[in-house]
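Enquirer: Here is a sequence together with a model predicted from it:
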Amino acid sequence: MNRVPSSRDVRRVFVGLIAVAALVAGAGAAFAQPVKNIVLVHGAFADGSSWARLIPILQAKGYNVTAVQNPLTSFADDVAATQRAIARLNGPVILVGHSWAGVVITEAGMDPKVVGIVYVAAFAPDLGEQVGELGKKYPPPPALASPNVDDKGFLTLSADAFKMSLLITSPPGTRRTVRLPEAFPEGAAGLHAGV
């Protein structure tokens, strides 16, 4: 499940990204130029703003940071959005994905520009493994125990479910300012149930 990262989460992700960048840059002649591009990909029931606290930290360290705005309409659409972000960049890229985006970056990571993939509490499927199989041995998170599925097959979260499951560890001030993405009906973020 997605939530607004705490300061501790942001520090952990930052340290992980720096470590990956150092490893990739240390590969020497394998890359013609150092890795300066980081593409951040959000999970389900969120949008690119979920990386808002991490982006300025990475930019201050000299990284070119892109936060993908996944449409969350299908796996193919999310991969295509990530591929477009990669295509716009010059030089090697590190992909970072949270939650659902782990599946997306696994596929988009096949691009030759991608030199590293970072999974942040994300699905990391094996070759041929379907995302629907990944969580079957665990109980569903409370917000998804009784999902709302509309007649088009989109899942939605109520504002209360969003706050209680995605923002539960966020500072109280952040909880008041983070809102559900507005692009989806009834004020809730959507993910197609057929994925």
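Expert: Received the coordinates, thanks.
Enquirer: Helices along this protein, start to end?
Expert: Here the chain has its helices, by DSSP state H, at 7-25, 55-60, 75-87, 101-108, 131-134, 159-166, 172-177.
Enquirer: Pick out the shakiest of the ones you listed, pLDDT-wise.
Expert: Least confidently modelled of the helices of the chain is helix 172-177, at a mean of 53 by mean pLDDT.
Enquirer: now the longest strand along the chain against helix 101-108, angle please.
Expert: When the chain is parsed with DSSP state E, its longest strand is strand 114-122. Relative orientation of strand 114-122 and helix 101-108, computed by axes from the mean of the first three to the mean of the last three C-alpha atoms, to 10 degrees: 160 degrees.
Enquirer: Direction included, what does strand 114-122 pair against?
Expert: strand 93-99 (parallel) (DSSP bridges).
Enquirer: CA-only coordinates of the partner strand in PDB, if you can.
Expert: The C-alpha trace of strand 93-99 is given here as PDB (Å, rounded to 0.1, in the frame of the first residue of the first chain):
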ATOM      1  CA  VAL A  93      18.800   6.000 -15.700                       C
ATOM      2  CA  ILE A  94      18.100   4.500 -12.300                       C
ATOM      3  CA  LEU A  95      14.400   3.500 -11.900                       C
ATOM      4  CA  VAL A  96      12.800   3.600  -8.500                       C
ATOM      5  CA  GLY A  97       9.400   2.200  -7.800                       C
ATOM      6  CA  HIS A  98       7.100   1.900  -4.800                       C
ATOM      7  CA  SER A  99       4.400  -0.700  -4.200                       C
END
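Enquirer: okay, the angle between it and helix 75-87?
Expert: Going by the same axes, to 10 degrees, strand 93-99 makes 150 degrees with helix 75-87.
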